[in-house]
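Q: predicted coordinates and the sequence they were generated for:
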Amino acid sequence: MKARFARFTALALLLCLTAITVTSALAQDTAPPAPVQEVIAEDNPNDRGHAVLVRWHPSPDDGTTGRVTEYRIYRARCLPGVQPEVAEFERVSICSPALGVGAELDFVDVSDEIENGIPYLYKIETHGSAGVSSTIIDEPVIATAQWFDKSRLTMLIAILIASSVIIYWIQKAQGNTNIYLRPVAGLKAFDEAVGRATEMGQPVLFVPGIMDMDQIETLAGVSILGYVANMTSRYETKLEVPVSRSLVMAHAREVVKESYLSSGRPDLYHDDMIHYLTDDQFAYAAAVDGIMLRDKPAACFYQGKFYAESLILAETGNSIGAIQIAGTASPAQLPFFITACDYTLIGEEFFAASAYLSNDMRHIGSIRGQDSIKMLFMIALAIGTIYVSLACLGVPLPNWLDMSLILDVSGS
Amino acid sequence: MIVTIGIWCAAFLTLAIFSFLYKDNPFYRFAEHLFTGVSAAYWMVVAFWNQIHPNLFGNLWWPDWFLRKWPEFTYVLVDEVHVGGEILPGNALVDGSLSPEVLASAELVNIISPIYYIPLVLGILFFTRLIPKISYLSRWPLAFVMGMAAGLRLYSFLQSNAMMQISSTVNPAPIMGQGFLAWLNFLIVAIGVFTGLIYFYFSKEHKGVFGQLSRVGVLFLMLSFGAAFGYTVMARISLLLGRFQFLGGWLGGIFGN
Amino acid sequence: MLLKRWIPLFILIFVGVMTLISWFVPHDPIGGLGDNFSQFFDIIASFAIILGAANLIKLQGSKIFRRKRNWQYSIVTIVGFIITAVVGINWHITMGVLPEGFNYIAGPHVNQATSPFYWIWWYIFTPLSATMYALLAFYVASASYRAFRARNLEATILLLAGIVVMLGRVPLGQMLTNWMPDAIGFLRIERVADWIYTYPNAAGQRAIMIGIALGVVSTSLRLILGIEKSFLGEE
Amino acid sequence: MNIFARLNELDRRWIFLMIGLSVALPLMFPFSQPVKVSPHVQSVYDALEELPDGSLVLVSFEYGPSTMPEVRPMAKSLLNYLFAHNHKIIVTCLWPDGLFMSREILGEIAVDKYNLEYGADYINLGYKPGNEVVINAIASSFSVTFPVDTRGRTLASYPIMEGIENLTNIDMIFSLSAGFPGTVEWVQYAADPLGIPMSTGCTAVQVTEVVPYVESGQCRGILGGLSGAAEFEQLMVDMGEAEELGAANSGMAAQGVAHMVIVLFIVVGNLAFYVERRRQRKY
């Protein structure tokens, strides 16, 4: 009898407990989630205005349970005399819940509908499986434009330092002719290549890359073309320059014409030396391949910005036995030029080439300036390496020694 | 029918280009010349419809009768169609939702940006190259392009190619607490970048210690070139696979396999 | 002299300086200048293509008239150009029957399966591009055969890095070292390939990139300072 | 001339022939090589398996003709799987070429194989310029971003779009990508902010860029390059979803043989070079 009673009591207790748990769980699920906390709307910094930054701490119910499904952000123009509760809110975004990670959420509302200098109200709705709770930010926010982007201060300083160093050396070089430049193998070969083409009575082919004038590489390539044209005019060798951009054609014609004029052979110059083929990468490569096989140039120059066609050109040039000199700043194409060409100007060497070839002291000065900046970078690298190594050993170091923070311009 | 002709045409052109591997021949010459002509026109057409038409014409002023004359052409230039208090997008001119009578009474709104007369003028100036007497005016658009390139690239290269690269080389976050090997890898990268920069140092003779360091830099560059070469081979073979698969499909079509 | 030299030089310096400033000043009207200028460049370049095409046609035409070597092929270029240009610019030309309810759309007609322009793109342009691109499979083989020779230390390193990465990327290559026990698993070829690619390769690439950045900075600066003005001629 | 000297001066056309054969023969006579399904590919499959039948999947095409050999086999396996499980598909293209790619493969699978109804079972919204801005725009509305589909009709006229307002109504995103804009942008602008499960298939070159997102869980698995596609095909066969292996597997065999042939050539070339140099030193 006793045992039976005990069993009954236990069962009743268990039932009660289950009921309580279930009802409380149900009650919890029927109530809307708690609203978000510490909501702030402010002008988004460092921009042209027309943007507002909204920040908030997630609702206390926002966790792994999935009680909060999303946050909806609303914006309304703040009109005088109209209560925030009845303002005409318009939805601007939906944000996913924090799901227990991340202390603060934010959203930047960028829109031309936001006028600078006019107050706006924001509202955040916390949506859950069991309802919605909304929070209106009482304080109106005004978007404004800034005259200086503070996030780019590091870049401004870097540009100022780099420019002043280079300008300093350009100035200094003009008065002083003693600047040593180490030899660059590919550059010495320029004369040799044009000379060989002259001996063999065959033309020189120059490809200034396949990109347009908005790439500095193309400009550097066309400058180099100027010096090659100077050599061909003096040697009276035929020069052929197929291009894939019309603007490059115009620019190259001016430069080559100028070279022929300055070496006193304007009679040898004619516009058709530089001719347009097509804007298309592979059609251009196909056509240049054709030119190579039919005109058999004895020297091929590839100086500019290249993509996959680099190896198509260089292998065809190799098969006709031409001396090939490449120069490019496209890191992905350097391996192909290095394997298939006789000489390759790698990266910075390519940019330095026009200074070497021109013997213009101002150019040489700017190379010296580049070296000084390089030295600064190397010092930063050395300090950074030591910092990281010591930090790995657990040595406490001040933050201002961390080069990765000082040079970090990822947000710019 | 049109599709069959197309596939035969594509197969012929594919084989014509491949024949170049053996030697230059009339088939390759034909394909090459066709390619040049077609692609030059292709990019001209694409530039017209993707740049000049929407981005230039779309920002200029046009008389109302012109906007109504060729709606298939001008609907891109029209920003809004106002019909009885309703604002519709320019599409309404051609999507068939409005009857011609309604359209005739609708107001076409074309928002103009006067600043776009600058590229129009510069673009036209470029055509002065055709008139030798004033061809020097074509230097103006060239000067514009070069100025823009200089201002744009100076910043972006210094930022992403120089500062960011050094900053991520000496970033302690991924190495801290990862043990000795992580630090060793970090050191290898740091030494590689440092000696590589020494190789690019122009104004000092590469002799002695400096020369030795520069040589180490060259080794790093070579390693990187070799790796990049090997890495790319796979993608290149895939391209060939694609062509062979296409030819296989074509042959399969012929022999009904 | 003013129109030939000083105005272009002024345009170059003014545009260069304004573009540079626009990176730092977000306020209208300067903030958007960089983007505006890029857009202007695209428009100017689009105009220029027309002139380039005219140059192509002129040159090929003169080849035909003067009966130069291989002049017959120049006809192919000109015909190909004209047909593509006509079906591309004129949006009324279609092939076959249009799907029901379809409306002409200027420009994007280029994307419609019924337009002959699309046909040219898909059956002429694409196979030609793809095949030219595919030639690279042959060229990487011949270039590596010729250049990957252990002539000296530098060439040997290039060679070894190339081979290891090449083998490490395919199962057939990975089978070479699959026998290795896990204890020395880090020596498996795919692991070594990964390591080379992630560390020493990154170092080399970074050194090159930094050098390039300096080259670009100094060339851009010379342009903005008006030192590099070869395009102006001397006259 | 001895054989080594001749090898040193080998006509490169012999190399071309060997490369051509090493790619063509495995394609013609496919041989099976052990394909081990990697965890990244397995998690793509797991993510797909979690979808209840009849889900709405957005498939985005961001590749072109040149990357077709790598990405197309993935697209084929994926669409086969999705249609076999009665999922509904919305196709978008962030690359202009992607439109042609999507049209071609939908024609093969949706029309020819499954005989599905356009507008009810799948819809192709087509290409829209603007890169990541397009993703941002469809996060708030499909019909504003794409006023009409590729057939020139408004989206509202199709049953598949009923009640579908924006990306939040989508059950899963799958990006088939070969560069920018592509997988990374879908993660950053859609999957992450909106919390939509997503997965990807991309070219081998892109893998290094995408893997961090996979490892952090922002992207459910990855099919990387031809080998990823081959593994996915293998998995489909193992799971009984497909009857036979596809183009990726035969491609992978060809790829492997071609790599071996190139390496062999390099080794032979070096041998010849070494012997020749020693011979020349002797004299």
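A: Nice, thanks for sending it over.
Q: give me the number of residues near residue A:91?
A: The local packing of residue A:91 (other CB atoms under 10 Å in any protein chain shown) involves 12 other residues. No exception for glycine: its C-beta is placed from N, CA and C like everyone else's.
Q: pull the contacting residues for it.
A: If you count contacts by CB atoms under 8 Å, 6 or more residues apart in numbering or on different chains, residue A:91 has them with A:72, A:73, A:74.
Q: now with 6 Å, please.
A: A:72, A:74 (CB atoms under 6 Å, 6 or more residues apart in numbering or on different chains).
Q: buried sites along the helix or strand where it lies?
A: Applying DSSP states H and E as the criterion places residue A:91 in strand A:90-95. By neighbour count with 16 or more other CB atoms under 10 Å in any protein chain shown, strand A:90-95 contains the buried residues A:92, A:93, A:94, A:95.
Q: which SS class is residue A:74?
A: Following DSSP: H, G, I helix; E, B strand; the rest coil, the label given to residue A:74 is strand.
Q: so what's it bridging to?
A: Residue A:74 has these beta-bridge partners by DSSP bridges: residue A:91, residue A:123.
Q: can I get the buried residues of strand A:90-95 in JSON lines with distance to residue B:167 and pLDDT?
A: Listed next are these as JSON lines, based on distance: CB to CB, whole Å; pLDDT from 0 to 100:
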{"residue": "A:92", "distance to residue B:167": "34", "pLDDT": "81"}
{"residue": "A:93", "distance to residue B:167": "32", "pLDDT": "76"}
{"residue": "A:94", "distance to residue B:167": "35", "pLDDT": "74"}
{"residue": "A:95", "distance to residue B:167": "30", "pLDDT": "74"}
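Q: for residue D:281, give me the pLDDT.
A: pLDDT recorded at residue D:281 is 80.
Q: now do residue A:142
A: At residue A:142, the pLDDT value in this model is 93.
Q: give me the residue from the stretch 101-250 of chain D nearest chain A.
A: Relative to chain A, the nearest point of the stretch 101-250 of chain D is residue D:195 (3.5 Å; CB to the nearest CB).
Q: please disregard the earlier target; I meant chain C.
A: Among the residues of chain C, residue C:215 lies nearest to chain A; the distance is 2.7 Å by CB to the nearest CB.
Q: cool, and the stretch 101-250 of chain B?
A: As assessed by CB to the nearest CB, chain A sits closest to residue B:170 within the stretch 101-250 of chain B, at 2.7 Å.
Q: so which residues of chain D form helices?
A: All helices of chain D, identified by DSSP state H, fall at D:3-8, D:12-28, D:39-49, D:68-84, D:96-106, D:132-140, D:142-145, D:183-186, D:192-194, D:207-215, D:225-238, D:247-282.
Q: just to revisit the earlier point, distance to chain B added to the buried residues of strand A:90-95, as JSON lines?
A: Formatted as JSON lines, the buried residues of strand A:90-95 follow (distance: CB to the nearest CB, whole Å):
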{"residue": "A:92", "distance to chain B": "20"}
{"residue": "A:93", "distance to chain B": "23"}
{"residue": "A:94", "distance to chain B": "24"}
{"residue": "A:95", "distance to chain B": "27"}
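Q: would you check which pair of these lies furthest apart?
A: A:92 and A:95 (10.4 Å; CB to CB).
Q: tell me how many other residues surround residue D:115.
A: 8.
Q: mind checking how far it is from residue D:122?
A: For residue D:115, the distance to residue D:122 (CB to CB, to the nearest Å) stands at 12 Å.
Q: please report phi then psi for the residue of chain C closest to chain A.
A: When read as degrees, to the nearest 10, the backbone of residue C:215 gives phi -60, psi -40.
Q: thought it was touching residue A:353?
A: No - under the criterion of CB atoms under 6 Å, residue C:215 is not in contact with residue A:353, lying 9.6 Å apart.
Q: and those two? Which one has more around it.
A: Neighbour tally, residue C:215 and residue A:353, criterion other CB under 10 Å: the higher count belongs to residue C:215, 27 against 24.
Q: which residue sits closest to residue A:380, ignoring its sequence neighbours?
A: Of all residues not flanking residue A:380 in the chain, residue A:403 sits nearest, at 4.9 Å (CB to CB, 6 or more residues apart in numbering or on different chains).
Q: what does the stretch 51-200 of chain D have sitting close to chain A?
A: Proximity of the stretch 51-200 of chain D to chain A (CB under 6 Å from any CB of the partner chain) is limited to residues D:194, D:195.
Q: touching chain A at all, stretch C:67-79?
A: No - remark: stretch C:67-79 sits outside contact range of chain A, by CB under 6 Å from any CB, the gap being at least 7.1 Å.
Q: which residues sit against that stretch?
A: Contacts to stretch C:67-79, defined as CB under 6 Å, 6+ apart, come from residues B:29, B:30, B:33, B:34, B:36, B:37, C:60, C:63, C:64.
Q: and if you look at stretch D:83-94?
A: Contacts with stretch D:83-94, where a contact means CB under 6 Å, 6+ apart, come from D:53-62, D:82, D:99, D:102, D:114, D:121-125, D:127, D:160, D:181.
Q: helices or strands next to the helix or strand encompassing residue A:190 in the packing?
A: Per DSSP H and E: residue A:190 is located in helix A:185-200. Identification of packing neighbours for helix A:185-200 by 3 or more CB pairs under 6 Å, 6 or more residues apart in numbering or on different chains; DSSP states H and E yields helix A:216-235, strand A:323-328, strand A:343-346.
Q: secondary structure class for residue C:213?
A: Assignment for residue C:213 (three-state DSSP): helix.
Q: what pLDDT does it get?
A: pLDDT, residue C:213: 96.
Q: wait, it sits on residue B:156?
A: No - look at residue C:213 against residue B:156 with CB under 6 Å: they stay out of range, at 9.2 Å.
Q: which one of these two has more residues nearby?
A: Between residue C:213 and residue B:156, counted using other CB under 10 Å, the more crowded position is residue C:213 (30 against 15).
Q: so who does that one touch?
A: B:157, B:158, B:161, B:162.
Q: which one (most neighbours) among these?
A: Neighbour max across the contacts of residue C:213 (other CB under 10 Å) = residue B:162, 26 neighbours.
Q: does that one touch residue C:210 like I think?
A: Yes - counting by CB under 6 Å, residue C:210 is a contact partner of residue B:162 at 5.0 Å.
Q: and residue 85, how many neighbours?
A: As the question left the chain open, I've gone with chain A. For residue A:85, the count of nearby residues is 9 (other CB under 10 Å).
Q: hmm, I had chain D in mind actually
A: By other CB under 10 Å, the burial measure for residue D:85, its neighbour count, is 16.
Q: so what pLDDT did it get?
A: On the pLDDT scale, residue D:85 gets 93.
Q: assign a three-state SS to residue C:37, would you?
A: With three-state DSSP as the basis, residue C:37 sits in helix.
Q: which ones are touching it?
A: Here residue C:37 is in contact with B:148, C:19 (CB under 6 Å, 6+ apart).
Q: next one: residue C:63
A: By CB under 6 Å, 6+ apart, the contact set of residue C:63 is C:71, C:74.
Q: that's a strand at it, yeah?
A: No - under three-state DSSP, residue C:63 falls outside any strand and is assigned helix.
Q: relative to residue A:400, how far out is it?
A: Taken as CB to CB, the span from residue C:63 to residue A:400 is 67 Å.
Q: now swap in residue A:337 and tell me
A: Computed as CB to CB, the residue A:337 to residue A:400 distance reads 42 Å.
Q: all good on my end, thank you.
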